[in-house]
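Asker: what's the 3D shape of this:
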Amino acid sequence: MRERIRPGYFERLYAQDADPWSFASSPYEAAKYDATIAALDSRRFGSALELGASIGVLSARLAPLCDALLAIDVAEPALERARERLAGAANVRFERREIPEEFPAGPFELIVASEVLYYLDEPAFAATLDAVDRELAAGGVLLAVHWRPATETYPLRGDEVHAALAERFGPAAVSRRTDEYALDRFDRPA
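Answerer: Presented below is the predicted three-dimensional model:
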């Protein structure tokens, strides 16, 4: 088992490239974000948490659906770009936090984990699931999207992440699989 990927890795990536995964320009990312937003079925959320906000491209898509969105990431250079991208959005707050150690207190009606949980090793992943379970409001939604193909650096695979989420939170209310990503929406009973 590989160790989790620490903040320095992401700090270095963003120092070399303002958008290392082409979130703002990739057709793959745009299509995945369309599917992510569609999975929310036009619902409105009072309080939301986005784990791994990066440069705020998905945050900009989530913001109109939320009264208050807290978007977190471990890389300050990414958060600086996210703050610039959403400078006029009074309902969005960006904070530098590492999960699970600095998981914010909820309750949150929506928690989004897009392309982030597979960076954690098994102990950090288990602790993060505990935090999600604790901070997700009754009637809340957990939406997870992760890259499926194997990588040489990530401690977990996307399919492993989604299998563990289903084991913890039950069957997904919405589920989509492509060759590239897994998307699941888990609805907590009210």
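
Asker: wait, A82 touches L69, no?
Answerer: No - judged on C-beta atoms under 8 Å, A82 makes no contact with L69 at a distance of 11.0 Å. Glycine gets a C-beta too; all of them are placed from N, C-alpha and C.

Asker: identify the contacts common to those two.
Answerer: Counting by C-beta atoms under 8 Å, 6 or more residues apart in numbering, the common neighbours of A82 and L69 are S59.

Asker: helix or strand next in line after the longest helix along the chain, which one?
Answerer: Criterion DSSP state H: the longest helix present in the chain is helix 122-135. Using DSSP states H and E, the helix or strand that follows helix 122-135 in sequence is strand 136-147.

Asker: just want the most central residue of this protein.
Answerer: Geometric centre of the chain, nearest residue: A113, 2.3 Å, by C-alpha atoms, centre = their mean.

Asker: these two touch, right, that residue and L142?
Answerer: Yes - contact criterion C-beta under 8 Å: A113 and L142 qualify, at 7.3 Å.

Asker: overlap of the contact sets of the two?
Answerer: V132.

Asker: related to what we said a few turns ago, secondary structure class for the residue nearest to the centre of the chain?
Answerer: strand (DSSP: H, G, I helix; E, B strand; the rest coil).

Asker: who does it form a beta bridge with?
Answerer: Beta-bridge pairing of A113 under DSSP bridges involves L51, A144.

Asker: quick one: contacts for it?
Answerer: A113 touches 51-52, 132, 142-146, counting by C-beta under 8 Å, 6+ apart.
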